[in-house]
Every structure is written in structure tokens, then in C-alpha cells.
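Enquirer: Provided below are the primary sequence and the corresponding predicted coordinates.
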Amino acid sequence: MTNNLIQVNDITRLQPIGSNANTGMAVYQSFQGKSGFNYQVGVRDSHGLLIIEGIAEGTACIFLCGIQVRDKLTGAEICSIPVEQNTRYSRRLVMDMVHRHLCNAIEESALKEGKADDRRDVEAQVAAMLDDCYFSESRKAALSWAERVGIIA
Amino acid sequence: MNQEISLFRNFGLATPAAISYSAPMNAFVGSAFTSLAGNTYFNSARFADGILIKEDVGQGWLHTFLNGIHIYDIRTKKLLCEKYFDCHYYSKETVKADVKRMLEDLILSAAHNEGRLLNHVEVHSRINGIIDRSFATNQMEMMNRQMRALGF
């Protein structure tokens, strides 16, 4: 499955059709293939960025098909991340891939415009934003559960 | 059974009509898919206090493999944590050990993020107790208990 799965040109205007419990993202498109895989396009909103993920969900597996990062305000594509076939989906993997490509895109843009940037600082800030996007809800829910069942006071 | 089915549906398990309780496994099992290679894939789910533990299982000719574990908060329906495996032989003890480790890592890292100090030994011991108890309890009873806790 190539990046052609993600053909949402104006995703900023669409409404989600549901959410995917296994990945935690809002689902904007869904297609049941003859193979039995459910192909979905999901979006995460992260500090003014839209991270669009394409996945193929099976009975006991989820494969990552493609990732795009877009500016939420303008819908402009910031980077399109190639994904090898048969890549198993995990939030950590997607986050790491987005982090790497986004930092590279920021650095390239800065160089072309003659602006100075501190790569380490960029990486740290982007990492914090993405970590917040992907895992903050899970962490809050985990602490809330831990308090409810008496694991922590 | 309708409320139980909608509870499972919320967590992305296989088609609700195919959810059934397996006494030998003491787990709820979703519908299976058999590939052309002859391997069978299915989800199984167990309840613990306030959480649902979903396993992705692949059954081959000779071995059964654990492909992944997802843990959800039943009340908020949030995905708490997930882990994927390659060539990881399935056993109930392996699942228990992995679930305990995942929950412990998650709670400790979440607390660390918030600047909270926790007693690692206490957290470890309480999680062990919750998971051991839930795996030892009849899952139908566990499910009913969770449904009552949610107000169904």
C-alpha cells in the first residue's frame, strides 16, 4: 500500500466518521477491502498540525500504509512520509517517523530561507508536542484508572 | 447480551455477533480469520478492574503466537497502552507478565511526567494483585462486575 491511500486534499473541511479504538485517532475515511482488511484514514490534531495516518486493520494486526503532515490552517502539505510495505502499526513508530521527517523539513526550510535554527532545540520541542499528541490522553486515563482502583492514592 | 456486545464493539473487537466466552481460555473470543497459509488469527479479551485487555493471537500449524496486546480503560474507552510482538509464543503467563509490565511502565511514566513520586514496589505489588485476581476469576463474572460498575 503506497501513499496513494491518503487522497484527502481538503481534510480540514471534513468531519470524522468515528474513531479507531486501537490507534486512538479520529477516522475520516474507511473502506472494507475484499481481502478483509479495513483501510482507514485517520487524523490527529497536534498544535496546529494535522497528522494524517493511513492504516490497514485486520483481525489481529494493523499495518501502517502512509503518513502525511499538513498545516491545519491552510491545509498545505508539510511532509509526506514513505512507509515500507508490511510495516506494523504502533503509535511510537508513527511518532518517531513524524518527528524525524518534521525536524528535517523544518531544518531544510530554515536553511533555504537563510534562518538559523538550533536542531537540538527543534527536536526537543517537536518531540514534546508529538508526545503530548500521541500519549497525553492515555497517560491521563492511566493515572485516573490507577487512582480509582487504589494503585496510587 | 446487547450491552455486553456494545461494550466490546467500542473496543474494536471482531463483529459483535461472533463474541463468545471460552471456558478453557477463560476469555472472550472474537471471530477468527484463517489465511490462505492456514494460520488463524483472532482477538481475545479479558476484563480486569476497570480495564479491558485485548490480545491479538495467531494460531499456526505448530505454535500459537501472541501478536499484540492492547489495554483500554473501560470507563473512558481510551487506549492506555499497546505492545506488539514478533515470533512471541503465546501463553497465559506471558500475557499476564507483559500486561503487568506495560501497566507498571505506563503508570510510572505518567506520574513522572506530572512530577509525582510513586512507590515503585507498591505500584508493582498492587498491579500484580489486580491482574492475578482478574485472570483467576471467571471472566463472565468479571464482565458483569464491570458492567455494574459502569451502571449498566
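Expert: Thanks, I have the structure now. Residues are numbered from 1 along each chain as shown, chains lettered A, B, ... in the order given.
Enquirer: what's near enough to touch residue B:124?
Expert: Applying C-beta atoms under 8 Å, 6 or more residues apart in numbering or on different chains to residue B:124 gives the contacts B:100, B:104. Glycine gets a C-beta too; all of them are placed from N, C-alpha and C.
Enquirer: Am I right that it is in a helix?
Expert: Yes. Assessed with DSSP: H, G, I helix; E, B strand; the rest coil, residue B:124 lies in a helix.
Enquirer: now it: how far from residue A:142?
Expert: 15 Å (C-beta to C-beta, to the nearest Å).
Enquirer: now do residue B:96
Expert: Residue B:96 is 18 Å from residue A:142, by C-beta to C-beta.
Enquirer: So the two - more neighbours on which side?
Expert: A side-by-side neighbour count of residue B:96 and residue A:142, using other C-beta atoms under 10 Å in any protein chain shown, places residue A:142 first with 26 against 17.
Enquirer: can you give me the strands in chain B?
Expert: Secondary structure of chain B (DSSP state E): strands located at B:20-22, B:27-29, B:33-34, B:40-48, B:51-59, B:64-73, B:79-84.
Enquirer: so who does the residue nearest the centre of chain B touch?
Expert: Closest to where the C-alpha atoms of chain B average out (C-alpha atoms, centre = their mean) is residue B:53, at 1.2 Å. Counting by C-beta under 8 Å, 6+ apart, residue B:53 makes contact with B:45-47, B:69-71, B:95, B:99.
Enquirer: which element is the closest residue to residue A:123 other than its chain neighbours on?
Expert: In this structure, residue A:123 finds its nearest non-sequential neighbour in residue A:103, 5.2 Å apart by C-beta to C-beta, 6 or more residues apart in numbering or on different chains. Assigned by DSSP states H and E, residue A:103 belongs to helix A:91-112.
Enquirer: where in chain A is pLDDT low?
Expert: Applying pLDDT under 70 to chain A picks out residues A:1-13.
Enquirer: ok, 50 please
Expert: Where chain A drops to pLDDT under 50, the residues are A:1-6.
Enquirer: where does it come near chain B, residue by residue?
Expert: Residues of chain A that fall close to chain B, judged by C-beta under 8 Å from any C-beta of the partner chain: A:20-24, A:36, A:57-61, A:88, A:90-91, A:137-146, A:148-152.
Enquirer: In strands, which of those residues fall?
Expert: Residues of those located in strands (DSSP E): A:57, A:88.
Enquirer: tell me the contacts of the residue nearest the centre of chain A?
Expert: In chain A, the residue lying closest to the centroid (C-alpha atoms, centre = their mean) is residue A:51, at 4.2 Å. Taking C-beta under 8 Å, 6+ apart, we find residue A:51 in contact with A:43-45, A:67-69, A:94, A:98, A:133.
Enquirer: redo that, cut-off 10 Å
Expert: A:25, A:42-45, A:67-70, A:78, A:81, A:94-95, A:98, A:102, A:130, A:133-134 (C-beta atoms under 10 Å, 6 or more residues apart in numbering or on different chains).
Enquirer: among the residues you listed, which ones are buried?
Expert: Buried by 16 or more other C-beta atoms under 10 Å in any protein chain shown: A:25, A:42-44, A:67-70, A:78, A:81, A:94-95, A:98, A:102, A:130, A:133-134, out of those.
Enquirer: Could you report the separation of the residue located most distally from the centre of chain B from residue A:30?
Expert: Going by C-alpha atoms, centre = their mean, the residue of chain B most distant from its centre is residue B:115, 28.4 Å out. Relative to residue A:30, residue B:115 is positioned 40 Å away (criterion: C-beta to C-beta).
Enquirer: do stretch B:91-99 and chain A meet?
Expert: No. Figure legend: stretch B:91-99 not in contact with chain A (C-beta under 10 Å from any C-beta of the partner chain); closest approach 13.0 Å.
Enquirer: Can you dump the C-alpha atoms of that stretch in CSV for me?
Expert: Taking Å, rounded to 0.1, in the frame of the first residue of the first chain, the C-alpha atoms of stretch B:91-99 are listed here in CSV:
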residue,chain,number,x,y,z
SER,B,91,0.9,-18.5,27.0
LYS,B,92,-1.4,-17.0,29.7
GLU,B,93,1.6,-16.5,31.9
THR,B,94,3.4,-14.5,29.2
VAL,B,95,0.3,-12.3,28.7
LYS,B,96,0.0,-11.7,32.4
ALA,B,97,3.6,-10.8,32.8
ASP,B,98,3.5,-8.4,29.7
VAL,B,99,0.3,-6.8,30.9
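Enquirer: and that stretch, how far out from the chain's middle?
Expert: The chain centroid and the centroid of stretch B:91-99 are separated by 10 Å, computed with C-alpha atoms, centre = their mean, to the nearest Å.
Enquirer: same deal with stretch B:86-97?
Expert: 12 Å.
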